[in-house]
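Student: Sequence unavailable; structure follows:
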């Protein structure tokens, strides 16, 4: 039910006290005045501590006197259908006279065509009055409201943007108030003299500050791109087709809201890097969830945290939510000693993954599936499940090229990439990067430039994880070979033993 439908329903049901939770007073008042004028034909009066009533009542504003302002409600507007909007009252509810006067008012205003509405960004109500109120959350502006506001701003400023950039700005502004959006657009124009992709980055910085105030999610600023990842052409192709699926044009086309992907594979094969690259390439904020933070020692705390995580993620949509090593917190083994807390948290997460309507693209990673809850990998939770295997020879060549271009952009061609890829059949992408770094350390300590042979020596001295945990890796590869999972690589020889 929308905010407009809720407020109309409560007023028609003669709910005398309505409490709207929102930090956007101006937007709330505008919405109420528009709604009262169009649907309920009621006059709207607002009161705040400094200005009193607007418009003035009987030539008096009742400034700086909340008790007197509240007392006047019983005598004024008695026969005129009206809505009285009180601001700042969360600061006065602790006053016994205010609380008492509200209770005295209830039987009177129930007989009159009036409704009292309080607006505050916090739910602060005396315990003895909680059951007398109905509470409504006034959500942040939706896509349509943001589009209208940006179009209004751009028309006023005579700015024409390409559709792709406009859609990115609209999506980036989701989760922000209209006032904040106006400020950020003005800031970008003032500093850059134009609107471009740097404006999107400015908006993401604002969202980063919002996330920093929470203790559940982390805001990551990724520097990786999908092109920085060697191999995984199948996964990259799948992702490239979905780059703009958060746009309004995709919605109008009839595409459903994307759910996300589950990346399963050997450690070091690029699962976490992929999550970061998706957010960076799609110009979306990246939120990282450490599932360990969901579980608190106080009864009910874990359930509250998972709900808060969902609310924060949806308020900042569109975004990418990265759930790292999800199998460590949600296993198929029986949970003991937590009174069912883990199962309740998992149930909430599963329901949200299956039914979420917000544009939150979930990227979950897992290193093993033996103990993971089957409900997590069932179709419907994620759009697709990809297996990221150890890189093939061609993919290793690509990884060596990407890494050497990063460390030696001017001389990377001097290295024998073909030989290096031939010698590293069991090495992951992360291990290949570390080989280069170790070779650089050795050469630097000797006061010279590192060469192909330095990397070869590091290969001889290193034992990859795939050999240390050969049985578990082979088991995971066999599971992927069964055809129940999509391969991240287009190379059919990806799941082979090159040893």
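Tutor: Now that the structure is in, tell me what you want to look at. In this text the structure is predicted, and so the values were computed from the model without any measurement.

Student: does residue 102 count as helix, strand or coil?
Tutor: Classification of residue 102 using DSSP: H, G, I helix; E, B strand; the rest coil returns helix.

Student: Next one: it relative to residue 65, how far apart?
Tutor: Noted for residue 102: a distance of 15 Å to residue 65, by CB to CB, to the nearest Å. C-betas here are computed from N, CA, C, even on glycine.

Student: Between the two, point out the one with more neighbours.
Tutor: With neighbours defined as other CB atoms under 10 Å, residue 102 and residue 65 compare such that residue 102 has more, 24 against 14.

Student: count of neighbours near the closest residue to the more buried one other than its chain neighbours?
Tutor: Among residues not flanking residue 102 along the chain, residue 129 sits closest, at 6.2 Å (CB to CB, 6 or more residues apart in numbering). When neighbours are defined as other CB under 10 Å, residue 129 has 16 of them.

Student: And for residue 433?
Tutor: 19.

Student: ok, it touching residue 403?
Tutor: Yes. Using CB atoms under 8 Å, residue 433 is in contact with residue 403, at 5.2 Å.

Student: List the contacts of residue 278.
Tutor: Applying CB atoms under 8 Å, 6 or more residues apart in numbering to residue 278 gives the contacts 226, 239, 284, 320, 361, 363.

Student: Inside strands: which ones of these?
Tutor: The strands, defined by DSSP state E, take in 320, 361, 363 from the contacts of residue 278.

Student: For the last one, list each beta-bridge partner.
Tutor: Residues in a beta bridge with residue 363, per DSSP bridges, are residue 261, residue 322.

Student: From residue 286, how far out is it?
Tutor: Using CB to CB, residue 363 is found at 9 Å from residue 286.

Student: so what sits against both of those two?
Tutor: Residues touching both residue 363 and residue 286 (CB under 8 Å, 6+ apart) are 275, 320, 322.

Student: Count the neighbours of the nearest residue to residue 407 once chain neighbours are set aside for me.
Tutor: Among residues not flanking residue 407 along the chain, residue 436 sits closest, at 6.2 Å (CB to CB, 6+ apart). Using other CB under 10 Å, residue 436 has 22 other residues around it.

Student: Mind listing what's buried along the helix or strand containing residue 436?
Tutor: Counting by DSSP states H and E, the element that carries residue 436 is helix 429-445. For helix 429-445, a neighbour-count test (16 or more other CB atoms under 10 Å) marks 429, 430, 431, 432, 433, 434, 435, 436, 438, 439, 440, 443 as buried.

Student: So for residue 297, what's the pLDDT?
Tutor: Looking at residue 297, its pLDDT stands at 57.

Student: Report the spatially closest residue to residue 250, excluding sequence-adjacent ones.
Tutor: Closest to residue 250 by CB to CB, 6+ apart is residue 244, at 6.0 Å.

Student: Residue 288 is in contact with residue 216, isn't it?
Tutor: No. Judged on CB under 8 Å, residue 288 makes no contact with residue 216 at a distance of 10.2 Å.

Student: could you pull out the strands for the stretch 151-300 of the chain?
Tutor: With strands called from DSSP state E, counting those that start in this stretch, the stretch 151-300 of the chain shows them at 217-220, 260-265, 286-289.

Student: Mind giving me the packing neighbours of the last one?
Tutor: Secondary structure elements in contact with strand 286-289, counted by 3 or more CB pairs under 8 Å, 6 or more residues apart in numbering; DSSP states H and E, are strand 217-220, helix 271-281, helix 301-315, strand 319-323.

Student: hmm, try it at 7 Å
Tutor: strand 217-220, strand 319-323 (3 or more CB pairs under 7 Å, 6 or more residues apart in numbering; DSSP states H and E).

Student: Report the contact partners of the residue nearest to the spatial centre of the chain.
Tutor: Nearest to the mean C-alpha position of the chain, by CA atoms, centre = their mean, lies residue 313 at 3.3 Å. Shown in contact with residue 313 (CB atoms under 7 Å, 6 or more residues apart in numbering): 287, 319, 321, 360.

Student: what pLDDT does the residue nearest to residue 102 get?
Tutor: Residue 129 is given a pLDDT of 83.

Student: Verify the stated contact: it with residue 101.
Tutor: No. Applying CB atoms under 7 Å, one finds residue 129 not in contact with residue 101, separated by 11.0 Å.

Student: tell me, what's touching these two both at once?
Tutor: What both residue 129 and residue 101 touch, as defined by CB under 7 Å, 6+ apart, is an empty set.

Student: what about the closest residue to residue 366 other than its chain neighbours, neighbour count?
Tutor: Counting by CB to CB, 6+ apart, the nearest residue to residue 366 once its immediate chain neighbours are dropped is residue 327, at 4.4 Å. Per other CB under 10 Å, the neighbour tally for residue 327 reads 21.

Student: what does the model give residue 327 for pLDDT?
Tutor: 80.

Student: Roughly how far does it sit from residue 265?
Tutor: Counting by CB to CB, the gap from residue 327 to residue 265 is 12 Å.

Student: before we move on, back to that, with neighbour count and pLDDT as new columns, can the contacts of residue 313 be given to me in JSON lines?
Tutor: Below are these laid out as JSON lines (neighbours: other CB atoms under 10 Å; pLDDT from 0 to 100):
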{"residue": "287", "neighbour count": "26", "pLDDT": "90"}
{"residue": "319", "neighbour count": "31", "pLDDT": "86"}
{"residue": "321", "neighbour count": "26", "pLDDT": "94"}
{"residue": "360", "neighbour count": "24", "pLDDT": "90"}
